[in-house]
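Engineer: output the structure for:
(2 chains)
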Protein chains: 2
Amino acid sequence: MVNSNRVDHYSGSVHANQEHAATAPVPAPVSGVTMTSLAVHSVCLPPQKSTLQKLRHRLSEVFFPDDPLHGFKNQSRFRKLILALQFFFPIFEWAPNYSFTLLRSDVVSGLTIASLAIPQGISYAKLANLPPIIGLYSSFVPPLIYSVLGSSKHLAVGPVSIASLVMGTMLTEAIPDNQNPILYLKLAFTATFFAGVFQATLGLLRLGFVIDFLSKATLLGFMGGAAVIVSLQQLKGLLGITHFTTSMQLIPVLSSTIQHRNEWSWQTYVMGFCFLTFLLTTRHVGMRKPKLFWVSAAAPLVSVVLSTLLVTLFKSKLHGIATIGHLEKGLNPPSSNMLYFHGHFLGVALKTGIITGILSLTEGIAVGRTFASLNDYQVDGNKEMIAIGVMNMAGSCSSCYVTTGSFSRSAVNTNAGAKTVVSNIIMASTVLVTLLFLMPLFYYTPNLILAAIIITAVIGLIDYQSAIRLWKVDKLDFVACLSSFFGVLMISVPMGLAIAVGVSVFKILLHVTRPNTCVLGNIPGTQIYQNVSRYREAKRVPYFVILGIESPIYFANSTYLQERILRWIREEEEWLAVNNVSSLKCVIIDMTAVTGIDTSGLAMVKELKKMLEKRSLQLVLANPGGSVMEKLHTSNILESFGLEGLYLTVDEAVVDISSAWKA
Amino acid sequence: MVNSNRVDHYSGSVHANQEHAATAPVPAPVSGVTMTSLAVHSVCLPPQKSTLQKLRHRLSEVFFPDDPLHGFKNQSRFRKLILALQFFFPIFEWAPNYSFTLLRSDVVSGLTIASLAIPQGISYAKLANLPPIIGLYSSFVPPLIYSVLGSSKHLAVGPVSIASLVMGTMLTEAIPDNQNPILYLKLAFTATFFAGVFQATLGLLRLGFVIDFLSKATLLGFMGGAAVIVSLQQLKGLLGITHFTTSMQLIPVLSSTIQHRNEWSWQTYVMGFCFLTFLLTTRHVGMRKPKLFWVSAAAPLVSVVLSTLLVTLFKSKLHGIATIGHLEKGLNPPSSNMLYFHGHFLGVALKTGIITGILSLTEGIAVGRTFASLNDYQVDGNKEMIAIGVMNMAGSCSSCYVTTGSFSRSAVNTNAGAKTVVSNIIMASTVLVTLLFLMPLFYYTPNLILAAIIITAVIGLIDYQSAIRLWKVDKLDFVACLSSFFGVLMISVPMGLAIAVGVSVFKILLHVTRPNTCVLGNIPGTQIYQNVSRYREAKRVPYFVILGIESPIYFANSTYLQERILRWIREEEEWLAVNNVSSLKCVIIDMTAVTGIDTSGLAMVKELKKMLEKRSLQLVLANPGGSVMEKLHTSNILESFGLEGLYLTVDEAVVDISSAWKA
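Structural biologist: Predicted coordinates:
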């Protein structure tokens, strides 16, 4: 489409720009109105297209805004094949140029994130009420698959806190208190499978924009709320409580903590809070001095090792402390036989899959985009979705639960100098070694250390400073943030999300339902017309009311706009009557910001014209956009406006109409 | 707010308009770029306001767009009292000037609509599965209340088809086959009460815009679907079937008609189709020749009288024909003791009340607005809502079910010359006489005539011509129309409505999620920049890409817009590379149509600026609106743009930047 105009792409140039300033004759003011020789430009209809062409254009804008196949144009067949391979498997893009230097960086960063991934993996599995070893399994297969399919160079893949939390909550509601651990595990794998299918489908159908509806403000509140809940839930491990509520709301968790005061074990909480302090301190150091990132990266592993040593050495004295216990050695067992496709709990698995799927997708894509833009490359959202989806589908068949790109580990990965996705392969290999040989070492690892690691990981999600910034910049975004925060905290995770999305959509609807309208005035000495309440130099033009409408005219606002326009006219007329000034003759509506119109809007314009005609006021439209012009044309409303009712700019309308009055 | 600018309201005037054309020196083209003395205008922030002031302004725009109290300003206290009385009870406005001439017109039109209201009232009550007499009761009390509170002069109040249908469907689902007629009646009155409360509340809280979300296209489809279902359901009465389905979907109704073939009574369907033909013919005559409106207005009463006479005279031979039977003489009995505020069915009553409430409100307001605009006066939507709501609340306590303004009867009312709402009082008095003295006359009125009257009344709702017009003008409106049509026909009334509202909202979201972007070019010899694919004379400017964005920048589209803008730039650079032309230096974004921005949008702008800077491209914003400027300012993004990144118009940006390059 653009190319059709390229024949004479540049045949005009800037110096044609102001020529009329030189060639226009000196205006002769005729009693207040200037006559100029400035030609009046007619308003064009957009180039004619059939319904099919329009639909194609529309669909390509909806699904292929980034024109993903533009690289394939004008290439030989063989080249196209190579490009297609690279398109679907980004590994073919970077592997041929992979070098020893890159490998060295990747090994360092891979080992660093492994030292973080192993304790976090065990902790997050606990968060999802799954056996700890599932967390390690999930840090092995998915990173390998991502390294083949993923297009981000810095994403560190594995289990993450939010998805683990949500899966834990939703499944525990269905099967409380782990009454049936096998069924629970089945549901977790099935939910992971559905999450993967959902993610890959979104990517394949190029519906990536669905995740955009979780706006940053919404996610901020949601994550903050989830982090508060998760941290409070860790009081179970930190205090050594054995009978804890499985509920996820603020009130039950707090009351459960206090009710079971008699179960608090002093050995557990003394040791727990010591390590928590250590972890929080190292985290603070890592954040303050980015060069010391390895301090915070190594701290969890150090804590695990230290606490395990302590418990092993003082076994007899620290018997009150709960430990992880026996973990099976060996690789991920296949789990495709555990997927659960019929029966009572299928709905739960499906719902859990979709919600954890969308949350982990949002996190993975956002993290990938953040680090890509920091390092000057771009990730393709839809391709990432397919990669993450396939990774989860494969994961569900190899005893993994939902995984995605983790923000904290990706940051460490970037800081440690990761250059390609090979760091994920190194990490997976380290986990492999752990799975095969090091499992017995975790026998005496205390649960309290997992609780401390989880708290340290999620506490950063409570980002009150960003919330304050939201309040300063955009009150409605702040409301969306607050409602998702309290929704998650007080009601439930799905409801919190639903409320937040509802608030975000409501915001868009409010913008359309009650759009801004304003009176425009001329800035003396120019052809510019601006809002008179904003530009003090902009002056109203006698005999005219010039109104700007700042939204499409739709069913949701056509009644409002009609009332509002009539009120602007009424106020102007009242002012004129009180001040005994010239009467009103013409209403100009600046349609520049009216980006669309529907049948209700068209009816409103028609009706408005009729009403103003009865009051002998002329209605003029200035600069209607392409789709608006087209609809005015097909609905035959354009005819009633004629040549004197349609101008390309407000200025041309004012000049031409005033000179017509004088003539 | 506007008034603050009125001090120097008009101190500029049109002839200042083009002065720069005369005073600007002759431009000296310096290698392709023109230098002019045109002053560059700075972009203003909107006047500073506190959060509270902004909130007040916003709330007044949302709830009081029509400034309903403007008449009260600068009036004496006594005058304000009178105005308030007239405001709440419009009867005080017209009653003092009521004359004998007006009364004569109103009596004629009142009697005319009464002749229509009595048979329709009985029929619609049948449609709602209520005793026929409830339809007459509902044509007596509500019109009297409306005549005191209502602001429309032409609305004829009473039961209407759509609300009757919906109430019948929803209550029959809860209590099938009239198993418990007393409970059914209780629920109907309770639903009416809730409908009234809901309507009055919407009016009092000035939430009238809620009904705007049922767009014209949606209603067109909904009414068409409902009319098809209602017409098919009347086959029961027309064919004389005794065991008919209570289901409301297309398939069960059709199959039930065929299944019960053995119950068809030939006397019934011969007589039924004769009268139906008569009614449809008179309707056609009335529509073709508006002067003969009385033909169609009188036809229902004539049919009732004729058919009753026939059945009475040939009683013995026509025993297969079902008749209305005994109707109690007397006025509306009080029914406040029948309202049902606790127990199992409260939810059903509430839901039915809200849905019938919103539907009848939409119809009443639309009819009121239509006839007001035809007769050059305005109705206040929120006041009408209160009137209709109070009328239904009072109705529910006097044995009436949901009533509102009926389109067909209001049209007859207008044609018959109604001048004020007194015609409703005349109609109510006629119904009073009927209730007190004429009830025995209906004993032998056959049910088939009621079915024929209903079909004649609803058949006009199937407006396929408007649907074709929708297809021509706006495809998405057509989709909304079709989905509500099939939703009602195939699923259920509430689902049909929900789907249609969903489609309408989706349309707004789609417009925001995938907004239009275009490349702008200069129209030679002017300062105008327009879409190059629409205006063939518009030429691109070398070294610049000028992009127009036609929507607010929100979370739902910030990712898309970023990708799309980068694609425009990439395409331009590719073209330049292929053609070996001057390289790209500056990207100007015309923000005229960007009517809002949120925190995600701000982050996008910041990120885009950073990305372009890394590629040594300058990013310039032209004409950002008030709220956008304010947010750019409070989020500190404005600083990074500085003076060279912000211009009032695209033209000033192009001229100023090119001259800076040359300097």
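Engineer: tell me where the stretch 1-150 of chain A is predicted with low confidence.
Structural biologist: A:1-39 (pLDDT under 70).
Engineer: tell me the residues of the stretch 101-250 of chain A that contact chain B?
Structural biologist: Within the stretch 101-250 of chain A, the positions lying close to chain B (C-beta under 8 Å from any C-beta of the partner chain) are A:208-209, A:212-213, A:215-218. Where C-beta positions appear, they are placed from N, C-alpha and C, glycine not excepted.
Engineer: spatially central residue in chain A, please.
Structural biologist: Per C-alpha atoms, centre = their mean, the C-alpha nearest to the average position across chain A is that of A:D212, at 3.9 Å.
Engineer: hmm, back to that, how about a markdown table for the residues of the stretch 101-250 of chain A next to chain B, with pLDDT added?
Structural biologist: Below are those laid out as a markdown table (pLDDT from 0 to 100):
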| residue | pLDDT |
| --- | --- |
| A:G208 | 78 |
| A:F209 | 79 |
| A:D212 | 81 |
| A:F213 | 81 |
| A:S215 | 82 |
| A:K216 | 83 |
| A:A217 | 86 |
| A:T218 | 86 |
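Engineer: who are the contact partners of the closest residue to A:P132 other than its chain neighbours?
Structural biologist: Of all residues not flanking A:P132 in the chain, A:I122 sits nearest, at 4.2 Å (C-beta to C-beta, 6 or more residues apart in numbering or on different chains). Contacts for A:I122 (C-beta atoms under 8 Å, 6 or more residues apart in numbering or on different chains) come out as A:132-133, A:135-136, A:324, A:442, A:445, A:450.
Engineer: next one: A:L144
Structural biologist: A:424-425, A:428.
Engineer: how about the strands in chain A?
Structural biologist: Secondary structure of chain A by DSSP state E: the strands cover A:28-30, A:33-35, A:156-158, A:404-406, A:517-522, A:529-531, A:544-549, A:586-590, A:618-622, A:646-647.
Engineer: these into JSON lines, with extra columns for distance to A:A653 and mean neighbour count?
Structural biologist: Shown next, in JSON lines, are those (distance: least, C-beta to C-beta, whole Å; neighbours: other C-beta atoms under 10 Å in any protein chain shown):
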{"stretch": "strand A:28-30", "distance to A:A653": "18", "mean neighbour count": "13"}
{"stretch": "strand A:33-35", "distance to A:A653": "13", "mean neighbour count": "21"}
{"stretch": "strand A:156-158", "distance to A:A653": "59", "mean neighbour count": "33"}
{"stretch": "strand A:404-406", "distance to A:A653": "54", "mean neighbour count": "30"}
{"stretch": "strand A:517-522", "distance to A:A653": "11", "mean neighbour count": "23"}
{"stretch": "strand A:529-531", "distance to A:A653": "10", "mean neighbour count": "23"}
{"stretch": "strand A:544-549", "distance to A:A653": "8", "mean neighbour count": "23"}
{"stretch": "strand A:586-590", "distance to A:A653": "5", "mean neighbour count": "23"}
{"stretch": "strand A:618-622", "distance to A:A653": "5", "mean neighbour count": "21"}
{"stretch": "strand A:646-647", "distance to A:A653": "4", "mean neighbour count": "22"}
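Engineer: these: which one's closest to B:T526?
Structural biologist: Across these, B:T526 has its closest neighbour in strand A:646-647 (12.7 Å, C-beta to C-beta).
Engineer: which stretches of the stretch 151-300 of chain A form helices?
Structural biologist: A:161-174, A:181-204, A:216-233, A:235-239, A:250-259, A:266-288, A:293-313 (DSSP state H, counting those that start in this stretch).
Engineer: need those in TSV with distance to A:Q75 and mean neighbour count, can you?
Structural biologist: Below are those laid out as TSV (distance: least, C-beta to C-beta, whole Å; neighbours: other C-beta under 10 Å):
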stretch	distance to A:Q75	mean neighbour count
helix A:161-174	40	24
helix A:181-204	23	23
helix A:216-233	38	24
helix A:235-239	57	23
helix A:250-259	58	15
helix A:266-288	46	17
helix A:293-313	42	19
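Engineer: let's have these in JSON lines, adding distance to A:P68.
Structural biologist: Below are the helices of the stretch 151-300 of chain A laid out as JSON lines (distance: least, C-beta to C-beta, whole Å):
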{"stretch": "helix A:161-174", "distance to A:P68": "27"}
{"stretch": "helix A:181-204", "distance to A:P68": "12"}
{"stretch": "helix A:216-233", "distance to A:P68": "25"}
{"stretch": "helix A:235-239", "distance to A:P68": "46"}
{"stretch": "helix A:250-259", "distance to A:P68": "44"}
{"stretch": "helix A:266-288", "distance to A:P68": "37"}
{"stretch": "helix A:293-313", "distance to A:P68": "35"}
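Engineer: next one: the residue nearest to the centre of chain A from A:F506, what distance?
Structural biologist: 16 Å (C-beta to C-beta, to the nearest Å).
Engineer: ok, so of the contacts of A:I122, who is nearest B:W264?
Structural biologist: For those, the minimum distance to B:W264 (C-beta to C-beta) is 71.0 Å, reached by A:G135.
Engineer: tell me the contacts of that closest one?
Structural biologist: A:120-126, A:159.
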